[in-house]
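Okay, sequence plus prediction incoming.
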Amino acid sequence: MSRNKKYIKELTNEQTSLLENGYKTGQSHLTRRKCQAILLSYSGKSVDELALLFGVTKQSVYNWYKAWESEGIKGLELKAGRGRKPKLQDENLDQMKRIKALVENHPQNLKTVVNKISEEFGIEV
C-alpha cells in the first residue's frame with residue numbers, strides 16, 4: 001500500500017518566474033533553496049529526493065509546500081523575530097555608555113566587566 005506522492009502540480013508562468021527570481025536573487029540562502037525546491041517539485045522531484053538533495057527532513061519539505069500553497073512567495077521568505085532576543089537593548093544609551101566605559105577601563109579582564117554588568121544591571125551574561 002503506497003502513499004500518494006505529493007508534488008507541486010500547478011504553477012502559472014507568473015508563479016514560475018517569481019520562484020525563479022527568488023531562486024536567483026532571494027535575500028537569504030534559505031529562501032533561495034525553498035524556491036528551488038518548489039521548482040524542482042514542479043518538475044517531478046519527490047519529497048524524498050528533495051529532502052536528500054537539500055539535507056533536510058521530509059517534514060521540512062512538506063512545510064515549504066504548505067507555506068507556498070498558503071502564502072505564495074511570501075511564505076518562503078524568512079520571518080522576522082527569529083533567533084534569541086538580545087539581553088542588552090541598543091535603545092538604552094546610558095546602559096550602553098556604562099558598558100563601553102567598563103570595557104575601556106578593564107580591556108584585559110572581561111570577567112570583571114561581566115561581573116560588574118551582572119551587579120549593576122541584573123543581567124546574567
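Now that the structure is in, tell me what you want to look at.

In which helix or strand does residue 16 reside?
Element membership of residue 16 [criterion: DSSP states H and E] is helix 13-25.

list the helices and strands the helix or strand following that helix packs on?
Note on helix 13-25: by DSSP H and E, the next helix or strand toward the C-terminus is helix 29-42. Contact partners of helix 29-42 among helices and strands, from 3 or more C-beta pairs under 8 Å, 6 or more residues apart in numbering; DSSP states H and E: helix 13-25, helix 47-54, helix 58-71, helix 73-76. Just so you know, the C-beta spots here come from the backbone N, C-alpha and C atoms, and that holds for glycine as well.

Mind listing what's buried along helix 29-42?
Across helix 29-42, burial judged by 16 or more other C-beta atoms under 10 Å covers 31-42.

so how far is residue 10 from the nearest residue to residue 9 once chain neighbours are set aside?
Distances taken as C-beta to C-beta, 6 or more residues apart in numbering put residue 42 closest to residue 9, at 7.6 Å, once the chain neighbours are dropped. Using C-beta to C-beta, to the nearest Å, one gets 8 Å for the distance from residue 42 to residue 10.

Name the residue closest to the centre of this structure, please.
residue 78 (4.9 Å; C-alpha atoms, centre = their mean).

wait, what's in contact with that one?
Counting by C-beta atoms under 8 Å, 6 or more residues apart in numbering, residue 78 touches 27-28, 30-31.

now, among these, which is nearest to residue 119?
Using C-beta to C-beta, residue 28 comes nearest to residue 119 of the contacts of residue 78, at 39.1 Å.

Could I get the pLDDT score of the closest one?
Looking at residue 28, its pLDDT is 91.
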